[in-house]
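Asker: predicted structure and sequence below. I'll ask about it afterward.
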Amino acid sequence: MKMPAEVIREGELEKRSDSLFQLWKKKLVVLTKDSLSLFPDGHKRAKGKELGFGSILKVDCVERTGKYIYFTIVTKDRKEIDFRCPDQSCWNASITMALIDFQNKRAIQDFKSRQEMEQAAGAQERRLARAP
C-alpha cells in the first residue's frame, strides 16, 4: 500500500480550460514533494489529476496584473497548462521551489547511481586484469 505523500501546501488555484472558450475554473490543489494534484470543484473526494514532477519541465511565463499572478506549467512533452492565483498567494513560487527540490534530489540520485556503476565496472576490470 502506497503511503500518502506529505502535503507542502493545499489551496485553491484557477486553471484555464482547454476548451474553445478557455474559461478559468477553480481547482483544489494539493502540492507535495513529488507532485501537484488538481481536484475539480474543490473536493478531494472527486477523482483528481496528478502532475508528477517527473513529467514537469518547468514553471514559466510568470506575469503579474493588479489582481492575479499568471503562470504556465510546461510538461516534458511540451504541453502548457495555464494557471492564475491571487497576487499575494505566491502559488507559482511554492510550485517552483518544490519542483527545483525534486529535480535536485533526482540529479543527486542519478549521479550516485552513475558513480556506483563506474566503481562496479572498475572493480570488474581489475578482477579480470588479475585473472590468469
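Answerer: Nice, I can see it. Keep in mind it's a predicted model, so treat the numbers as computed, not measured.

Asker: drop to CA atoms for contacts and neighbour counts, all remaining ones
Answerer: Fine.

Asker: any buried residues in the helix or strand of the chain with the lowest mean pLDDT, and which?
Answerer: One helix or strand of the chain scores below all others by mean pLDDT, DSSP states H and E: helix 91-130, with a mean of 87. Residues of helix 91-130 classed as buried by neighbour count (16 or more other C-alpha atoms under 10 Å): 91-92, 95, 98-99, 102-103.

Asker: tell me what that helix is packed against?
Answerer: Applying 3 or more C-alpha pairs under 8 Å, 6 or more residues apart in numbering; DSSP states H and E, we find helix 91-130 packed against strand 56-64.

Asker: can you list the strands that the strand it packs on pairs with?
Answerer: Here strand 56-64 has these sheet partners by DSSP bridges: strand 68-75 (antiparallel).

Asker: what's the spacing between the strand it pairs with and its chain's center?
Answerer: Relative to the centre of its chain, strand 68-75 is centred 12 Å away, using C-alpha atoms, centre = their mean, to the nearest Å.

Asker: what does the next helix or strand after that strand contact?
Answerer: Per DSSP states H and E, the first helix or strand lying C-terminal to strand 68-75 is strand 80-86. With C-alpha atoms under 8 Å, 6 or more residues apart in numbering as the test, strand 80-86 has contacts from 12-16, 67-74, 91.

Asker: quick one, strand 80-86 and helix 91-130 angle?
Answerer: Counting by axes from the mean of the first three to the mean of the last three C-alpha atoms, to 10 degrees, strand 80-86 lies at 130 degrees to helix 91-130.
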